[in-house]
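Here is the input, now give the coordinates:
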Amino acid sequence: MNDDIEMIDCSNSTWMGRSRTGWEINAREASRTMFDESTIRGKLQRKELQWVLSCVARDTNGPLKILDAGCGPGRYLRALSRMGHQVVGYDFSRNMLELCKGDAADSHAVFIQGEIQHEPFKDGQFDIVLMLDVLHHLQSQQMRARAIEEAFRVSRCRVIVDIKNGLNPVLWYRYRRQNDSLPRRAYTYREIGGLISRNGGHISRSVGLGFPARIIAPYILIEALKA
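The predicted structure follows:
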């Protein structure tokens, strides 16, 4: 599969030298209880995985080339690779990629380090791009908009993304207690729809997680199609 990946020069990107030690430690701990249905987080993760796999399964054109952008510890990568798809795990953290490699040792996935706002791939190189549990980690609306733009650039057909919902009252309360600003890290459904539209896509499916009504669910999963 390595021969099939066409790369472009992103040497001017700014990920090198960044430290994310605290985040990496949290991600490592979270990976140990991934999909543990005795916890609320594990139940939501399981539902999210099932929804993502159902979106991918709708394409019956054989093994797909999938980019897991911001793959972290490989929550989706392992399942997709074991289904026979050609998966590239892409993350800024070398430590996260090493963790992902270890857990996906029985797969044929490829792992590449880099920044999600400057992806080193050719236009339309992947059938599907995943960008899950990523956007709220980026520090500005500009960075998030650029990440979505890149996802649509390298996707041939579909982008699957999730958001923290800016209309969820529990998230507002939690972020206020942490002296953080939810609007900096979240979108409403309408806002993410507008951003997808500006990049030549439209929302084909969506679902809220954590609450029956999507409009105030804490997390929203979205499948978008390119025009």
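
Leaving out chain neighbours, which residue sits closest to residue 123?
residue 153 (5.6 Å; CB to CB, 6 or more residues apart in numbering). Where you see a C-beta, it was placed from the backbone N, CA and C, and this is true even at glycine.

list the buried ones in the strand or helix carrying the one you found?
Using DSSP states H and E, residue 153 sits in helix 141-154. Across helix 141-154, burial judged by 16 or more other CB atoms under 10 Å covers 144-148, 150-154.

wait, which of those residues is closest to residue 226?
residue 152 (6.4 Å; CB to CB).

quick one: the closest one and residue 101, what's the gap?
27 Å (CB to CB, to the nearest Å).

For the closest residue to residue 214 other than its chain neighbours, pull up the helix or strand it's in.
Among residues not flanking residue 214 along the chain, residue 208 sits closest, at 3.4 Å (CB to CB, 6+ apart). Taking DSSP H and E as the definition, one finds residue 208 inside strand 201-209.

Which neighbouring elements make contact with that strand?
helix 40-57, helix 189-198, strand 219-226 (3 or more CB pairs under 8 Å, 6 or more residues apart in numbering; DSSP states H and E).

Residues in contact with it: which ones?
Under the criterion CB atoms under 8 Å, 6 or more residues apart in numbering, residues 44, 47-48, 51, 55, 152, 158-159, 165, 189, 193, 196, 214-227 lie in contact with strand 201-209.

So in that sheet, which strands flank the helix or strand encompassing residue 162, and in what orientation?
Following DSSP H and E, one finds residue 162 within strand 155-164. Strand 155-164 pairs in its sheet with strand 126-131 (parallel), strand 219-226 (antiparallel), by DSSP bridges.

so can I have JSON lines of these showing mean pLDDT and mean neighbour count?
Formatted as JSON lines, the strands paired with strand 155-164 follow (pLDDT from 0 to 100; neighbours: other CB atoms under 10 Å):
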{"stretch": "strand 126-131", "mean pLDDT": "97", "mean neighbour count": "26"}
{"stretch": "strand 219-226", "mean pLDDT": "96", "mean neighbour count": "21"}
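
Can you add distance to residue 116 and give those strands back as JSON lines?
Shown next, in JSON lines, are the strands paired with strand 155-164 (distance: least, CB to CB, whole Å):
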{"stretch": "strand 126-131", "distance to residue 116": "7"}
{"stretch": "strand 219-226", "distance to residue 116": "16"}
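
in the protein, which ranges drop under the pLDDT threshold?
1-37, 103-107, 175-184 (pLDDT under 70).

one more time with 50
Applying pLDDT under 50 to the chain flags the ranges 2, 8-20, 182.

For residue 92, find the nearest of the strands paired with strand 155-164.
Residue 92 lies closest to strand 126-131 among the strands paired with strand 155-164, at 13.1 Å (CB to CB).

before we move on, back to that, going by neighbour count, which residues in the strand holding residue 162 are buried?
Quick answer for strand 155-164 (16+ other CB under 10 Å): 155, 157-164.

repeat for stretch 200-216
Neighbour count says stretch 200-216 has 201, 206-210, 214, 216 buried, by 16+ other CB under 10 Å.
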